[in-house]
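Asks: just need the structure, nothing else, for what follows:
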Amino acid sequence: QVQLVESGGGLVQAGGSLRLSCAASGRSFSTYIMGWFRQAPGKEREFVASITQAGGRTYYADSVNGRFTISRDNAKNTVYLQMNSLKPEDTAAYYCAARNYWLSGSHEDKTKYAYWGQGTQVSVSL
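Replies: Prediction:
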């Protein structure tokens, strides 16, 4: 099992940047595929980005591609989400999640992620 705690959210003006962190505790962090999801009020939780176990491959939602960067430091058991050029429509609660590497299927499928953090709020003002 792995426990996940997000941090780094806050209020920022449009065009600004934030970096989210997700610290993991438990065993074998480096064996998990890690993802970031977000959920705005009244909307479904949606995929933002994911990264493979060693960080060799990353995947992004079209809406954030080119603005957000996911990375991980397995020595620190931490995954990051660097968010640049933020827009008001990026406002949401952001969650990190972990999935077992042997599961097949799209990285965007939130049902494949077994472990979730409590979320951190990101608010982008005009």
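Asks: and the strands in the protein, which stretches?
Replies: Secondary structure of the chain (DSSP state E): strands at 2-7, 10-13, 18-26, 32-39, 46-51, 58-60, 68-73, 78-83, 92-100, 115-116, 120-125.
Asks: E108 is nearest to which of the ones you listed?
Replies: Of all the strands of the chain, the one in closest proximity to E108, counting by CB to CB, is strand 46-51 (3.9 Å). All C-beta spots, glycine's among them, are computed from the backbone N, C-alpha and C.
Asks: distance between that closest one and the chain's centre?
Replies: 6 Å (CA atoms, centre = their mean, to the nearest Å).
Asks: before we move on, what about stretch 90-99?
Replies: On CA atoms, centre = their mean, the centre of stretch 90-99 falls 5 Å from that of its chain.
Asks: repeat for stretch 91-104
Replies: So, by CA atoms, centre = their mean, the centroid of stretch 91-104 is 7 Å from its chain's centroid.
Asks: got it, and stretch 115-126?
Replies: 10 Å.
Asks: could you find the closest non-adjacent residue to the residue sitting nearest the centre point of the chain?
Replies: Nearest to the geometric centre of the chain sits W36, at 1.9 Å (CA atoms, centre = their mean). Nearest in space to W36, with sequence neighbours left out and distances taken as CB to CB, 6 or more residues apart in numbering, is V48 at 4.3 Å.
Asks: hang on, isn't the one you found packed against F37?
Replies: Yes - judged on CB atoms under 8 Å, V48 makes contact with F37 at a distance of 5.8 Å.
Asks: tell me the confidence at N65?
Replies: Note for N65: predicted pLDDT of 98.
Asks: oh sorry, the question was meant for S125
Replies: 97.
Asks: related to what we said a few turns ago, in JSON lines, list the strands of the chain along with distance to E108.
Replies: Output for the strands of the chain, formatted as JSON lines (distance: least, CB to CB, whole Å):
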{"stretch": "strand 2-7", "distance to E108": "18"}
{"stretch": "strand 10-13", "distance to E108": "25"}
{"stretch": "strand 18-26", "distance to E108": "18"}
{"stretch": "strand 32-39", "distance to E108": "8"}
{"stretch": "strand 46-51", "distance to E108": "4"}
{"stretch": "strand 58-60", "distance to E108": "7"}
{"stretch": "strand 68-73", "distance to E108": "13"}
{"stretch": "strand 78-83", "distance to E108": "15"}
{"stretch": "strand 92-100", "distance to E108": "11"}
{"stretch": "strand 115-116", "distance to E108": "15"}
{"stretch": "strand 120-125", "distance to E108": "19"}
